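1. structure, please.
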Amino acid sequence: MKLLPETRERVAKVFRGEVDTVPILAQINEHVVTLCGGDMREAYTDAKKLVEMNLAVFEYYRLDMPGFYYDLYNIEAEALGQRLTWESDRMPDIDHRTPLIREPADLERLRPPDFRRSARMPFVLDVMRRTHDLGLPVRLRFCSPFSLAVNVRGIENLLMDILTAPQFAHRLLTFLTDDVLIPWVQTQREAIGQPRIRANGADAAASPPIVTVEILEEFVMPYVARMNEKIGNVASMGYWGYSYLYPHPEKFVKMLDLMASVSPGGLMCMDPDVAETGPEPYAEYAREKKMPLTLGLGPSLLQDGPLPRIVEQCRRYVLAGAKAERLAIFFTEISAGTSPQNVHTAIAAIRHFGRLPIEDRPLKSFRPPETEPFESFMARYRTM
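-> Predicted structure coming up:
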């Protein structure tokens, strides 16, 4: 497990804002394990293996920030006793057939986990320590309160609670916020000796059309705000579904306002919504609010292509996103079946069209990169 000589400085430049091109980040889970020929269960239980594989793939693609992603939506739920499903060719997932809280009375029996010993919480802490020991920025993550409630209660049950038993829904969200997530974030901070490091929550379940703007206002954002009030420097992102609200401008802007309220450090807007509406509305909003913007390219485009479409989309996102104060591009997931050629092409396109200062470079100015097979890269990487 090692960094190439220039890697640490490349990462540091991103944090200092001394970049020559729009930064590129990526969520890579199953793609990493598939490229490396690893075992899914081992990858999500052995921190050493996960960090080694992610670091190799990060170096292969020459991304600007290593992610060291794991199945971050599952960790707290599993530690509480929620059953997961494990398959040989994909990362673990919640067993939605058997929610932990089937009846409201089940909440009374729940107890907070041991944050240093329960389930795979030690695995996450080990990933963080290994990242820290490499001298790389540590990404502290948690499953945001609403999505965690969905994972232990079930989405249909939780929505029914919100409609017919809102007091119970609030009790559940309060327990998960105060007794699970706040101490879990603090435990992660303690593990690397950084008591004020930013904690990023993921909240994909809290998205239209699953929820309404009214549910976001009462049952989602207040609990992220509660975490921030109690322990500070907490954000939540991963929301989608804004394209469902786009035909209703007032609700569309309201959702962006709510997203900005729980992630004031930057607005993240992702496919498929950005592809549906175009990136321009989010760039204009971010410019108006003087916020950094991250635009997320979706897995379908990267997997299915074709290459000219990937290049065209990268160019459009970069040119539109340049209206924001700062821009980053995020690959929201690179699937196991995605061709490395597609990923290398997308990265090269963003580097080309996103070279600073950004100009309206024509499509025909782009030249596809030569792609080294991963196997040959790994043969070199092991000797570096």
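
2. any idea how the protein splits into domains?
-> Domain segmentation of the chain under automatic domain parsing yields 1-69+265-384, 79-264.

3. could those domains go into JSON lines alongside mean neighbour count and mean pLDDT?
-> Where you see a C-beta, it was placed from the backbone N, CA and C, and this is true even at glycine. Output for the domains of the chain, formatted as JSON lines (neighbours: other CB atoms under 10 Å; pLDDT from 0 to 100):
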{"stretch": "domain 1-69+265-384", "mean neighbour count": "18", "mean pLDDT": "93"}
{"stretch": "domain 79-264", "mean neighbour count": "18", "mean pLDDT": "96"}
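
4. how about the strands in this protein?
-> Counting by DSSP state E, the chain has strands at residues 24-26, 84-87, 90-94, 140-143, 199-202, 234-237, 267-270, 293-297, 327-331.

5. to Arg111, which of the ones you listed lies closest?
-> For Arg111, the closest of the strands of the chain is strand 140-143, at 18.1 Å, according to CB to CB.

6. given that closest one, what are its sheet partners and their directions?
-> Using DSSP bridges, strand 140-143 pairs in its sheet with strand 199-202 (parallel).

7. so Ala283 touches Gly321, yeah?
-> Yes - if you go by CB atoms under 8 Å, Ala283 and Gly321 touch, sitting 5.2 Å apart.

8. find the residues that touch each one of those two.
-> By CB atoms under 8 Å, 6 or more residues apart in numbering, Ala283 and Gly321 have these common neighbours: Leu293, Leu295.

9. that older thread, can I get the strands of the chain in CSV with distance to Met40?
-> Below are those laid out as CSV (distance: least, CB to CB, whole Å):
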stretch, distance to Met40
strand 24-26, 19
strand 84-87, 7
strand 90-94, 6
strand 140-143, 19
strand 199-202, 20
strand 234-237, 26
strand 267-270, 24
strand 293-297, 24
strand 327-331, 20
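
10. quick one: Arg109 from Leu148, how far?
-> Per CB to CB, to the nearest Å, Arg109 is found 17 Å from Leu148.

11. ignore the last one, Val180
-> With the distance defined as CB to CB, Val180 ends up 7 Å from Leu148.

12. overlap in contacts, those two.
-> With CB under 8 Å, 6+ apart, Val180 and Leu148 have common neighbours Glu76.

13. so what's the nearest residue to Ser147 once chain neighbours are set aside up against?
-> Spatial nearest neighbour of Ser147, excluding adjacent residues (CB to CB, 6 or more residues apart in numbering): Ala205 at 4.1 Å. Neighbour list for Ala205: Phe146, Ser147, Val150, Asn151, Ile155, Val211 [criterion: CB under 8 Å, 6+ apart].

14. in helices, which of those residues appear?
-> Here DSSP state H is the test, and these give Phe146, Ser147, Val150, Asn151, Ile155 as lying in helices.

15. quick one, which of the strands of the chain is nearest to Tyr44?
-> Of all the strands of the chain, it is strand 90-94 that lies closest to Tyr44, at 5.8 Å by CB to CB.

16. so what's the gap between the closest one and the chain middle?
-> How far strand 90-94 lies from its chain's middle: 16 Å, per CA atoms, centre = their mean, to the nearest Å.

17. for stretch 205-221, same thing?
-> That offset, for stretch 205-221, works out to 19 Å (CA atoms, centre = their mean).

18. how long is it end to end?
-> Start to finish, the residues bounding stretch 205-221 are 13 Å apart (CA to CA, to the nearest Å).

19. kindly report the same for stretch 188-205.
-> Rule used - CA to CA; the end-to-end distance of stretch 188-205 is 23 Å.

20. check stretch 356-373 too.
-> Stretch 356-373 has its terminal residues 29 Å apart, counting by CA to CA.

21. contacting residues around it?
-> Contacts of stretch 356-373 (CB under 8 Å, 6+ apart): 19-22, 307, 311-312, 315, 318-319, 322, 340-341, 344-345, 348-349, 352-353, 355.

22. one more time with 6 Å, if that's ok
-> Asp20, Val311, Ala322, Gln341, His344, Thr345, Ala348, Ala349, His352, Phe353 (CB atoms under 6 Å, 6 or more residues apart in numbering).

23. tell me the contacts of the fifth one?
-> Contact partners of His344, counting by CB under 6 Å, 6+ apart, are Pro369, Thr371.

24. ok, it to Val57 distance?
-> Separation of His344 from Val57 (CB to CB): 12 Å.

25. same thing with the last one?
-> Taken as CB to CB, the spacing of Phe353 relative to Val57 amounts to 24 Å.

26. centre of the chain to stretch 230-244, how far?
-> Using CA atoms, centre = their mean, the offset of stretch 230-244 from its chain centre is 10 Å.
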